[in-house]
Each structure stands twice: as C-alpha cells, then as structure tokens.
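In: how does the following fold in three dimensions:
(chains A and B)
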Amino acid sequence: MIRLDTLLCDCEQPISASLDDPDLEWVLEDEQLLGDRTPLSPSERLAAVDQLATFGIETLRLSGTAGIEADAIDELLGRATEQGVETTLRLSGEQLGQDRLQSLATAGLDRVSVVVEGLSTPRQKHAASDMTDAALETLRAADETNLATELRFPLQADSETDMEEIYDLAGLLSADRFRLTHMPDGDLDDERRRRAVRRLADLTRDAHDRDNHLETILSGGIDAGYVTEYARDRLDDECSVNVRESLRERLGTAPSPPVAKLGPAGSVYPGPFWDRYALGSVRDRPFGAIWTDDANPLLERLRHEEAALPDRCRRCEFGDVCSGGSRGRALVAHDDPFEPDPVCYVDKGSTANESTVESPAD
Amino acid sequence: MFTRETPTDPMVHAGIVRAADETDARERAASLFPSVNARWLCPADAIDRDGSMPLEAGEPV
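Out: Numbering: from 1, shown residues only, chains lettered A, B, ... in the order given. You can find the predicted model right below:
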C-alpha cells in the first residue's frame, strides 16, 4: 500500500509508515470460502478477535457482512475496539443509512469503505448502477457521523475513463480516502494502467495544492516501480530521490506476506487472492502460531522475498522498491505463486536487461 | 494436506487446498509444494478433531 498524497506532496520529508504486522481482511460470509466447515459462531468470532489482537494485528477490514445480524457485527466491533484494533467495514454494494452508520460508530467502527466500480453508462448493467448509487448514498449518510470514509476504485478497462470523475465525487462527498486497486483485466494494457496512475498522481498533487487533503492510496503492492518513475520524471531531483528512498525503506519494513485473510469458517489465507489454499484454521491453532509457522515451506518461501521473486523481478530496475506484487494474483493467473504478478505495469524494457541497480535480489 | 521435506521427516500438516475433485487437489498441492519429498491429501471433513480445544472467547485482555 502506498499513500500517494504524503509521498508526492510532502516529498521533502515523506513519511514511511511502520508496517511490521500484516493488515487482516476478514470475510464473514462467503459460500465459496466456506469449504467443509461451518461458519464461526458469534462467540468463536470474539475469540478470533482476541487471537488477532494477541498477535499484534492493528487493522481489521471486515467484508461479507451483508447477511450477518447487526448485533453480531456490533459485538465484534466492540471487542476489537476493547482490544485496540482499528476496524474498517468494507461494503460491496449494500447501502447503509445514517442510523445504522451511527450505531456502527457507537459500537466502535473506525471507517466505512464503499466500492465504486464505474459510473452509470449505457455499457453497464442496472445492477452496477444500483451498486454505485448505494455506495454514494452511504458516503453521503456517513458524512453526518464521525466515521472516517473510503471510496474504493478497482481499476478495470470498462471504468478506467471514469476514474477522474469518481475521484472528484469522492472529494465532493467529503470522503477521507480514495483507494485504487489494480484488477487483472486482459483488456487493460500496461500503458493504460500507467496513464491512470499518472493521472491520479497529477490529481492528487492538484488537490493538495488546493488544500484538499484527500488521502490517495494505491493498494495491491504493485505501484512502487511506476511511482518511482513518475517522481523521477515529474518532481525535482531532491524529491525524486526522497520518494525512492522512502519506498525503499517501506519495502524493508513491510510484513511479508503483507495482508492476511480470514475466512468465514476461521481459515487463514496468505493473502486476498489465495482462496484455493489456506494455511490452517483459528479453530485448530491460534492465528499467531499459524502465521509464524517455520515448518510450512510455502509460507517460509513467501516470507523470504528473494526466494519468492520471479526471475523477471530479479532483473527489474525497480527491485529495490517493489517486492514483485501479489503472489496470490500470480497463483490465480499462472497456477504458480512464484510467476510474475499479472497486473505488473512497469515498462517491461526495464526488466529485460541485467541491471546494476541496487536490489534486495542482488 | 500433509508434507515432509525428507524421507526421514514426519508428515506435518501444511495447510488446506480447496479443489473441485481429487485430481485437482493433487495438482494444486503439487504446484504449491513442488519440492517436498511427499504429499498426503485427505478430505477435510474426514479429519476427526477429537481432543481439540474449542475456540471460546474469554474476558478481553
């Protein structure tokens, strides 16, 4: 995750977040992820929160909550708050009104996150349009509470041209954060991805100049190479050097894997795209024991970036700031987690020659 | 799924693969753990978890 606004706009002294522990995505309901075991009961969920807090998880993102009773969610949020864990509720099309948002805030929720996949156009189906309306209405209602808000924008070929308008909407609706995530999409080539991130970086700097401090996040771990290139081409020399140094420092402190996922039945996955493989279940062993298990050769390989990097990444000139993106996306695309991330969009010419640039893979 | 790194190691639980059938499960396990000495697979619901500690919430710390 890169916080683009502080990186590019305060680049005389960019802030590097300390990232020793992974963020945790918790999918509370998903038939695909359930497997052969029954979902965690409300009491088991509270015990799982305790396990996560004991390990040191500081940020919990809850999703798949549409079918869960409101009281059970409130109880879970309350437990997380008691344990000092920051919580985000990630909605995927459901609309929440001001009363429900207020009760979530009272229960301890810190942030509500909505997804906008695109704007209503003739190309889109009504369902997508309804989802967008629900997301924007939820943002409006949340503005009347003390919840922090986030608008997630998954970058896809169909919606790439809507990004600027959606970014503006986020500002108009007083969202605190705009988060861009790259989605695998064969119709979205590297140049279009670079153009979108370049435009978002320009918008972020313009907004900052106008005193509009909307946080801009690039998530998914694949943008550090291009952001380095952008800073080199668009910022002065000192800022450019500082940005690269900050990204390098960030890579050095980033947890590996960076995000853990917990499924509805308590299965622990090594990341958001790892639906076909779980490390174990919090019903059988505490989360911390599963996540730090030295005996699992796959986890061990994922943890040591040098061994996990695909050959192309070892030759990349941005190897000092990028750990190769998502191994989970690579697994889905290639049936092998140690192949290149399919959404990598750096100029592949930069990876073709044996570079002498400093790299953790050297 | 259980794996061992050398013929003299005990089989150790190495995680759970989700697959449509046995063949798919074997292929997925092999792609994730290509270098181990042995892989054993069994259906998750065939495991008898007798003696496991139930996951229960206590007082928050």
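
In: could you use CA atoms for every contact and neighbour count after this?
Out: Fine.

In: show residues contacting the longest strand belonging to chain A.
Out: In chain A, assigned by DSSP state E, the strand with the most residues is strand A:148-155. For strand A:148-155, contacts defined as C-alpha atoms under 8 Å, 6 or more residues apart in numbering or on different chains pick out A:110-118, A:139, A:142, A:163, A:170, A:175-183.

In: cutoff 6 Å now
Out: Applying C-alpha atoms under 6 Å, 6 or more residues apart in numbering or on different chains, the contact partners of strand A:148-155 are A:111-117, A:175-183.

In: one more: stretch A:90-100?
Out: So stretch A:90-100 is contacted by A:L62, A:S63, A:S113, A:V114, A:V115, A:M131, A:A134, A:T138, A:A141 (C-alpha under 6 Å, 6+ apart).

In: TSV for those residues, including pLDDT?
Out: Formatted as TSV, these follow (pLDDT from 0 to 100):
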residue	pLDDT
A:L62	98
A:S63	97
A:S113	98
A:V114	97
A:V115	96
A:M131	89
A:A134	94
A:T138	97
A:A141	97
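
In: so which of those residues are in helices?
Out: Secondary structure from DSSP state H places A:M131, A:A134, A:T138, A:A141 of those in helices.

In: sorry, back to before: as JSON lines, the contacts of stretch A:90-100 with neighbour count and distance to A:C313 would be great.
Out: Shown next, in JSON lines, are those (neighbours: other C-alpha atoms under 10 Å in any protein chain shown; distance: C-alpha to C-alpha, whole Å):
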{"residue": "A:L62", "neighbour count": "22", "distance to A:C313": "32"}
{"residue": "A:S63", "neighbour count": "18", "distance to A:C313": "32"}
{"residue": "A:S113", "neighbour count": "25", "distance to A:C313": "32"}
{"residue": "A:V114", "neighbour count": "26", "distance to A:C313": "33"}
{"residue": "A:V115", "neighbour count": "21", "distance to A:C313": "31"}
{"residue": "A:M131", "neighbour count": "22", "distance to A:C313": "37"}
{"residue": "A:A134", "neighbour count": "22", "distance to A:C313": "40"}
{"residue": "A:T138", "neighbour count": "24", "distance to A:C313": "40"}
{"residue": "A:A141", "neighbour count": "18", "distance to A:C313": "44"}
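
In: can I get the residues you listed in JSON lines with distance to chain B?
Out: Converted to JSON lines, these look like this (distance: C-alpha to the nearest C-alpha, whole Å):
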{"residue": "A:L62", "distance to chain B": "19"}
{"residue": "A:S63", "distance to chain B": "21"}
{"residue": "A:S113", "distance to chain B": "27"}
{"residue": "A:V114", "distance to chain B": "29"}
{"residue": "A:V115", "distance to chain B": "28"}
{"residue": "A:M131", "distance to chain B": "30"}
{"residue": "A:A134", "distance to chain B": "33"}
{"residue": "A:T138", "distance to chain B": "32"}
{"residue": "A:A141", "distance to chain B": "32"}
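
In: partner strands of the regular element (helix or strand) spanning A:L60 and their direction?
Out: Element membership for A:L60, per DSSP states H and E: strand A:59-63. Using DSSP bridges, strand A:59-63 pairs in its sheet with strand A:23-27 (parallel), strand A:86-90 (parallel).

In: contacts for stretch A:323-335?
Out: A:G221, A:I222, A:F273, A:W274, A:C313, A:P337, A:E339, A:P340, A:D341.

In: what's the most distant pair in those?
Out: Across the contacts of stretch A:323-335, the longest distance by C-alpha to C-alpha is 20.7 Å; it joins A:W274 and A:C313.

In: mind jotting down where the strands sit in the stretch 251-362 of chain A?
Out: Using DSSP state E, counting those that start in this stretch, the strands assigned to the stretch 251-362 of chain A run over residues A:259-262, A:267-269, A:277-278, A:280-281.

In: helices of chain B, residue ranges please.
Out: B:22-32.

In: low-scoring stretches of it, by residue?
Out: Applying pLDDT under 70 to chain B picks out residues B:52, B:59-61.
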